[in-house]
Structures are given as structure tokens and as C-alpha cells.
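Undergrad: how would this look folded up:
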Amino acid sequence: MENQASLSSIQRAVWDGKLPLQITLASSESRTYDQTDPYLVTIPPRQALNHIMCTKLTLRAFFSPSLIEPKSRPHEGWFSFEGVPLKWHLPVGLLYDLYAGADPASKGTRIDETDHPTSSLSDTLPWRLTVHFSDWPDEELVRLDADGMVMHDAFINSVKEADFLRNGTAKGIMTLSKEDSAGLWQAVQDVDLPSFQRISNILLSPPNQPFRNVPIRFFLPLSPDSGSPSLKIVQSPLPPSIPATANTGQSTNLRNSPPSQVQTIGSALHWLLPNLFPSRRTPVLAKPVLHGAAVPMSAPIEELVRCCAYGDGWAYIVIRMMG
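TA: A predicted model of the protein is given here:
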């Protein structure tokens, strides 16, 4: 019971997390000679989906007097950071950790996409974004609709994927009532943790019933001059426990399996990315970051997801190189 209360407390802290933003209209879309005044806001929480900001923050109305194209609509808005279009289906906090976050282990040193310390935490906040209402980057982003159904469907599909990994079936989300299914999406949009927990608890098995696999995705930002895409995503079915004697591979379903041990972030990363994580216990070349904080290598992956997953049920962990 005490451990469950601790996990619930961590979840509340995660949902209360805030991120200050400074949003500027793209200069190519502004009809003012000087740069338009920025939109300053603190986003609660870091969990907020990127594109929801365009509608919830009334950015289109704020920048309307300066727009060259006055007929643009809110759902046509998109964000970029240093010329990189930001994925609309990803949470703001994850995007910040990927592209601009300060290194949490060195008290303010920023690690940028080239993996070199470049500036202090004060230089990364507020996070400076550019908003656009035209020239949609079709090669990078799927277009959205005025009713928000594209974004809703992407969210629900992600919830289904997480549900399938946890239980071996997506029956949980598929059998939710229409009211609860809509309520889950609304709770994420409204940052309504009590409503979210009520519906999420229907999908999650009790703590004494372990997940079949734990929904985690690891994000590796890459240098633009590496010749590779700017972002690599790594995932694989990760069981919450593994054979105690296992050096490679993950758990099996053999009847006479050896004694098991808790699967940690360290053991998962050592299996998935052994070149970056040669040790299960100590970050040597890189470190895992979630919600702006370095994740202990000893953190059990199931507990991490139960208290720190994003609204769709996934833990999105950024891998940052250690300079």
C-alpha cells in the first residue's frame, strides 16, 4: 500500500510538471516590419500533446493581427524549433527533452543534438518555439483536420498499442464504454488527473498482477550531419521480469524457467542498446531521461510506467549522450 501511495504521488508530480514557452510567429508569415511580440505561457503539464497548444492557447487569435494570410485556421498551425518541425502527436515535455533539454545530471549543462555541452539551463528556458499557420511540412507531418479526429485517432491507436503490450490483447481499450473512451481523451486534453486515473485504472491491471510486457519507447536524437534521420526510436517487448542468470535475451515462457529478477531500465537498455549501455548498473556513455529527470538505472520498468507514463500509457524515454 505504501509503495502504491508513493507511485501515485510521483504521478501527481509528473502531471503537475510545467514548461515555460516563448512562442514567436514565423517571420515569413508576419506582415509587421519588426518581429511580432511573442506569446509567453507556462504549459501545465509537460504531458500536453504538442498540437493541442494551437487550439487551447488560442495562438491563431493572438497572432491574427500580424498574419499575412488571415484566412488560415487554428488546426493548420504547427511548431518548429531551430527549423525542425515538431511532431504534433508527441508530448511537449518529450519534445523539449529531445531537442533543447538541459542535462539533468550536471546541474544546468545543456546537451544539444551534437552531444556537446553548449549552454546553461537559463539559456534553454523559456523554450523558444516558432509557430506557423501556412506551408505545412507534408514530408514530416501528417495533416490535421478541423474536428481533431486525426489527432484523436492517433492517440487512441497509441493507447491500444500500450494496452496490447501490457495484456497481450487490446480488449481493455476496445471494451471501454463510449463515454469512458471519450473521457480518456478529454482528460488528457484538460489535464484532469482524477478523471484520467479513474479511466486508466480500468485499463491497468492491479499492482499484484504484473504486465505481460511494459510499453516503453526510447528516443535517440541524432546529429544532423550523421547522414541518418534526426530521430531514432527503439522499442521491443520488455517483460517486467527476466531470468536471474540471463546475460542476453529477454524472458521466456518455459515451464522450468530459472529464478527471475526485476527488469530495470539498466537491464532493458543493456539488452537493447549494449554499445551505449555496456553496464546495467551505471550510465557510462549515455543516460536515460524521462520528464526532464535522469532515470536511475535501477528503476523497475513496470513501476516506472505505472507512475510516469504519458497519457497514452507509454513511457517515452530520451537517451542523452554524456559529454
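
Undergrad: residue ranges of the helices in the stretch 201-323 of the chain, please?
TA: 265-272, 301-308 (DSSP state H, counting those that start in this stretch).

Undergrad: Residues touching the last one, excluding its own?
TA: Same thing as helix 301-308. In this structure, residues lying in contact with helix 301-308 by C-beta atoms under 8 Å, 6 or more residues apart in numbering are 3, 7-8, 10-11, 14, 204, 207, 210-211, 214-216, 238, 240, 262-265, 268, 290-291, 295, 313-315. Every C-beta, even on glycine, is put in place using the N, C-alpha and C of the backbone.

Undergrad: rewinding a little: could the helices of the stretch 201-323 of the chain go into CSV alongside mean neighbour count and mean pLDDT?
TA: Shown next, in CSV, are the helices of the stretch 201-323 of the chain (neighbours: other C-beta atoms under 10 Å; pLDDT from 0 to 100):
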stretch, mean neighbour count, mean pLDDT
helix 265-272, 22, 97
helix 301-308, 22, 95
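
Undergrad: out of the ones you listed, which comes closest to F196?
TA: helix 301-308 (13.0 Å; C-beta to C-beta).

Undergrad: How far away from the center of its chain is that closest one?
TA: Counting by C-alpha atoms, centre = their mean, to the nearest Å, helix 301-308 is centred 14 Å from the centre of its parent chain.

Undergrad: same thing with stretch 191-209?
TA: 18 Å.

Undergrad: Same check on stretch 72-87?
TA: The chain centroid and the centroid of stretch 72-87 are separated by 17 Å under C-alpha atoms, centre = their mean.

Undergrad: what sits up against it?
TA: 23, 26, 50-51, 53-55, 58-60, 88, 95, 99-100, 127-134, 136-137, 140-141, 144-146, 148, 230.

Undergrad: next one: stretch 172-192
TA: So stretch 172-192 is contacted by 15, 44-45, 47-49, 52, 56, 152, 155-156, 159-160, 163, 193, 195-196, 199-200, 202-203, 311-312 (C-beta under 8 Å, 6+ apart).

Undergrad: And it, what's buried?
TA: Buried residues in stretch 172-192, defined by neighbour count with 16 or more other C-beta atoms under 10 Å: 172-173, 176, 180-181, 183-185, 187-189, 191.

Undergrad: Pipe those residues into JSON lines and attach secondary structure, pLDDT and distance to A299 per row.
TA: Shown next, in JSON lines, are these (DSSP: H, G, I helix; E, B strand; the rest coil; pLDDT from 0 to 100; distance: C-beta to C-beta, whole Å):
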{"residue": "G172", "secondary structure": "helix", "pLDDT": "91", "distance to A299": "25"}
{"residue": "I173", "secondary structure": "helix", "pLDDT": "93", "distance to A299": "26"}
{"residue": "L176", "secondary structure": "coil", "pLDDT": "93", "distance to A299": "29"}
{"residue": "D180", "secondary structure": "helix", "pLDDT": "95", "distance to A299": "30"}
{"residue": "S181", "secondary structure": "helix", "pLDDT": "93", "distance to A299": "31"}
{"residue": "G183", "secondary structure": "helix", "pLDDT": "96", "distance to A299": "30"}
{"residue": "L184", "secondary structure": "helix", "pLDDT": "95", "distance to A299": "26"}
{"residue": "W185", "secondary structure": "helix", "pLDDT": "94", "distance to A299": "29"}
{"residue": "A187", "secondary structure": "helix", "pLDDT": "93", "distance to A299": "26"}
{"residue": "V188", "secondary structure": "helix", "pLDDT": "91", "distance to A299": "24"}
{"residue": "Q189", "secondary structure": "helix", "pLDDT": "88", "distance to A299": "29"}
{"residue": "V191", "secondary structure": "coil", "pLDDT": "85", "distance to A299": "25"}
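
Undergrad: Those into CSV, with extra columns for distance to L220?
TA: Listed next are these as CSV, based on distance: C-beta to C-beta, whole Å:
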residue, distance to L220
G172, 30
I173, 28
L176, 33
D180, 35
S181, 33
G183, 34
L184, 29
W185, 29
A187, 30
V188, 26
Q189, 29
V191, 28
